[in-house]
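Undergrad: Whatever this is, show me its structure:
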Amino acid sequence: MSDLFIAAVCALVRKEGKVLAMRRSLTKDASPGIWEAMSGRIQHGEEPFDAVAREIDEETGLVVRIDPRPLSAHHALRAGIPMVIVYYVADWVSGEVRMSEEHDAWEWLDADSFASRTPIAKLAAAVRQVLS
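TA: This is a model prediction of the structure:
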């Protein structure tokens, strides 16, 4: 067994009763083409809150207000490698989505629409929680 372990953050960005959903580019090595919330790995030595702020800026360019308290966390696998994902809630303040090369589509979705697009049950449950 490998000692490799990934730590990641996920931002549930809310706007007017919807959450930002992004489709992973078909060129991604892990889970290409799936709909997810904005997410990314925590860099070595980086605090999770700083990582989520960085990822939101890099992947969307939006101005948001991030709740500093994590919503939840759970274990997952990324291409067979164990990882922990820490969820944060952010509220849209201003700006238009500017996608990075990591995604090829985005939409603001309500909880039911998000759940119907993502294969990640724990993510869909987190979206339901923040939009209820």
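Undergrad: Okay, buried residues for the longest helix seen in the chain please.
TA: Criterion DSSP state H: the longest helix present in the chain is helix 48-60. Using 16 or more other C-beta atoms under 10 Å as the burial criterion, the residues of helix 48-60 that qualify are Pro48, Phe49, Ala51, Val52, Ala53, Glu55, Ile56, Glu59, Thr60. Backbone N, C-alpha and C define where each C-beta goes, glycine included.
Undergrad: Let's see the distance spanning stretch 105-118 from one end to the other.
TA: 13 Å (C-alpha to C-alpha, to the nearest Å).
Undergrad: ignore the last one, stretch 91-104
TA: One end of stretch 91-104 sits 22 Å from the other (C-alpha to C-alpha).
Undergrad: hmm, who's touching it?
TA: If you take C-beta atoms under 8 Å, 6 or more residues apart in numbering as the criterion, stretch 91-104 is touched by 13-15, 20, 22-28, 58-65, 105-106.
Undergrad: taking those one by one, which sit in helices?
TA: Short answer: the contacts of stretch 91-104 in helices (DSSP H) are Glu58, Glu59, Thr60.
Undergrad: Pull up the pairing partners for the worst-scoring helix or strand of the chain on mean pLDDT, direction included.
TA: Of all helical and strand segments in the chain, the minimum by mean pLDDT, DSSP states H and E falls on strand 72-78, at a mean of 88. Take DSSP bridges as the rule and strand 72-78 pairs in its sheet with strand 81-94 (antiparallel).
Undergrad: what angle separates the strand it pairs with from helix 48-60?
TA: Between strand 81-94 and helix 48-60, the angle comes out at 70 degrees (axes from the mean of the first three to the mean of the last three C-alpha atoms, to 10 degrees).
Undergrad: in strand 81-94, what counts as buried?
TA: By 16+ other C-beta under 10 Å, the buried positions in strand 81-94 come out as Met83, Ile85, Val86, Tyr87, Tyr88, Val89, Ala90, Trp92.
Undergrad: biggest separation within those, which pair?
TA: Met83 and Trp92 (26.6 Å; C-beta to C-beta).
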